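*Asks:* Test case, fold it:
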Amino acid sequence: MAEQTTGSNFSIANSFPEIKIEDFLTGIMKMFNLTCYSTDGINYTLDTLENYYATGTTRDLTKY
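*Replies:* Modelled structure (predicted):
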(Lines give C-alpha, C1' and ligand atoms only; values in the text may rest on other atoms or scores of the structure.)
Protein backbone atom coordinates (compact mmCIF):
# COMPACT_ATOMS: atom_id res chain seq x y z
CA MET A 1 0.00 0.00 0.00
CA ALA A 2 1.48 3.33 -1.06
CA GLU A 3 1.38 6.33 1.23
CA GLN A 4 1.51 9.95 0.21
CA THR A 5 2.09 12.96 2.42
CA THR A 6 2.17 16.64 1.64
CA GLY A 7 4.02 19.40 3.38
CA SER A 8 1.33 22.04 2.78
CA ASN A 9 -2.05 22.77 4.31
CA PHE A 10 -5.19 21.52 2.58
CA SER A 11 -8.30 23.70 2.61
CA ILE A 12 -11.54 21.76 2.17
CA ALA A 13 -13.48 24.98 1.52
CA ASN A 14 -11.31 25.70 -1.53
CA SER A 15 -11.80 22.18 -2.89
CA PHE A 16 -15.61 22.14 -3.07
CA PRO A 17 -17.45 23.70 -5.99
CA GLU A 18 -19.70 26.73 -5.58
CA ILE A 19 -23.18 25.30 -4.94
CA LYS A 20 -26.31 26.58 -3.25
CA ILE A 21 -27.34 24.87 -0.03
CA GLU A 22 -30.73 24.04 -1.57
CA ASP A 23 -29.06 22.22 -4.48
CA PHE A 24 -26.73 20.34 -2.13
CA LEU A 25 -29.60 19.15 0.09
CA THR A 26 -31.72 18.23 -2.93
CA GLY A 27 -28.88 16.08 -4.24
CA ILE A 28 -28.47 14.31 -0.89
CA MET A 29 -32.22 13.65 -0.65
CA LYS A 30 -32.35 12.23 -4.19
CA MET A 31 -29.24 10.11 -3.58
CA PHE A 32 -30.66 8.46 -0.45
CA ASN A 33 -34.36 8.53 -1.47
CA LEU A 34 -35.36 10.92 1.34
CA THR A 35 -38.10 13.47 1.76
CA CYS A 36 -38.18 16.65 3.81
CA TYR A 37 -41.38 18.22 5.11
CA SER A 38 -42.53 20.78 7.65
CA THR A 39 -45.73 21.14 9.62
CA ASP A 40 -45.05 24.58 11.09
CA GLY A 41 -42.73 26.27 8.59
CA ILE A 42 -39.80 26.39 11.04
CA ASN A 43 -38.97 22.79 11.94
CA TYR A 44 -38.34 20.22 9.22
CA THR A 45 -38.42 16.44 9.26
CA LEU A 46 -36.10 14.36 7.08
CA ASP A 47 -37.45 10.87 6.50
CA THR A 48 -37.16 8.01 4.04
CA LEU A 49 -39.71 8.10 1.25
CA GLU A 50 -41.03 4.66 2.26
CA ASN A 51 -41.71 5.81 5.84
CA TYR A 52 -43.33 9.01 4.59
CA TYR A 53 -45.73 7.04 2.37
CA ALA A 54 -46.43 4.54 5.16
CA THR A 55 -47.69 7.28 7.51
CA GLY A 56 -50.31 8.45 4.99
CA THR A 57 -53.95 7.47 4.78
CA THR A 58 -55.97 5.82 2.04
CA ARG A 59 -58.81 7.86 0.55
CA ASP A 60 -61.61 6.65 -1.69
CA LEU A 61 -61.74 8.89 -4.78
CA THR A 62 -64.09 6.76 -6.90
CA LYS A 63 -66.98 9.27 -6.70
CA TYR A 64 -64.79 11.96 -8.29
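
*Asks:* Dihedrals phi and psi, residue 34?
*Replies:* Note on residue 34: backbone dihedrals following degrees, to the nearest 10 are phi -110, psi 160.

*Asks:* Any idea how many residues pack against it?
*Replies:* If you count neighbours by other Cβ atoms under 10 Å, residue 34 ends up with 15. All C-beta atoms are positioned from the backbone trio N, CA, C, and that covers glycine.

*Asks:* Show me where the chain dips below the pLDDT cut-off.
*Replies:* Applying pLDDT under 70 to the chain flags residues 1-2, 5-7.

*Asks:* let's see 90
*Replies:* 1-19, 21, 24, 39, 55-59, 64 (pLDDT under 90).

*Asks:* Which parts of this protein are helices?
*Replies:* Ranges of helices in the chain, per DSSP state H, are 12-15, 21-31, 49-54.

*Asks:* Please enumerate residues in contact with the shortest one?
*Replies:* With Cβ atoms under 8 Å, 6 or more residues apart in numbering as the contact definition, helix 12-15 has no outside contacts at all.

*Asks:* got TSV for the helices of the chain, with mean neighbour count and distance to residue 43 too?
*Replies:* As requested, those are arranged in TSV below (neighbours: other Cβ atoms under 10 Å; distance: least, Cβ to Cβ, whole Å):
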stretch	mean neighbour count	distance to residue 43
helix 12-15	6	28
helix 21-31	11	15
helix 49-54	11	16
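
*Asks:* Out of those, flag the one nearest residue 4.
*Replies:* Of all those, helix 12-15 sits nearest to residue 4, with 16.1 Å by Cβ to Cβ.

*Asks:* Distance from that closest one to the middle of the chain?
*Replies:* Offset of helix 12-15 from its chain centre (Cα atoms, centre = their mean, to the nearest Å): 21 Å.

*Asks:* go on, stretch 12-32?
*Replies:* Using Cα atoms, centre = their mean, the offset of stretch 12-32 from its chain centre is 9 Å.
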